[in-house]
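**Student:** sequence plus the predicted model coming up.
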Amino acid sequence: MTRHSWSIPSRPSELRTERVCRNCGLVRVTRHDGGQAAIPWTEFYEPSGLLVEVASGRTPACELVEAGVA
């Protein structure tokens, strides 16, 4: 199993931070809604944009994508 290698964070808005795994293309989105007292939460999206369902807040496994294979 390979570990995720996250890109430098991008901030498309004040309330959202995105990172992309360089190995598998998984997108990690951290939301910062609700001010200082609120706890940020994390969502994961496939490269196609589909939300990845995760159990108990765990990060989905990183699966290497071979060059030229979708």
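**Tutor:** That came through, no problem.
**Student:** check contacts around the residue nearest the centre of the chain.
**Tutor:** Of all residues in the chain, the one closest to the mean position by C-alpha atoms, centre = their mean is Arg28, 1.1 Å from it. By C-beta atoms under 8 Å, 6 or more residues apart in numbering, Arg28 lies in contact with His4, Trp6, Glu18, Arg19, Val20, Cys21, Thr42, Glu43, Phe44, Thr59. In this view, the C-beta of every residue, glycine as well, is placed from N, C-alpha and C.
**Student:** mind checking pLDDT for it?
**Tutor:** Arg28 is assigned a pLDDT of 93 by the prediction.
**Student:** please, which helix or strand holds it?
**Tutor:** strand 27-31 (DSSP states H and E).
**Student:** which helix or strand lies directly C-terminal to that strand?
**Tutor:** strand 41-45.
**Student:** from the chain's centroid, how far away is that following strand?
**Tutor:** Chain-centre distance of strand 41-45: 5 Å, with C-alpha atoms, centre = their mean, to the nearest Å.
**Student:** now do that strand against strand 27-31, angle only.
**Tutor:** Using axes from the mean of the first three to the mean of the last three C-alpha atoms, to 10 degrees, one finds that strand 41-45 and strand 27-31 are set 150 degrees apart in direction.
**Student:** buried residues in strand 41-45, which are they?
**Tutor:** Using 16 or more other C-beta atoms under 10 Å as the test for burial, strand 41-45 gives Phe44, Tyr45.
**Student:** filter the contacts of Arg28 down to the buried ones.
**Tutor:** Among those, those classed as buried by 16+ other C-beta under 10 Å are His4, Glu18, Arg19, Val20, Cys21, Phe44.
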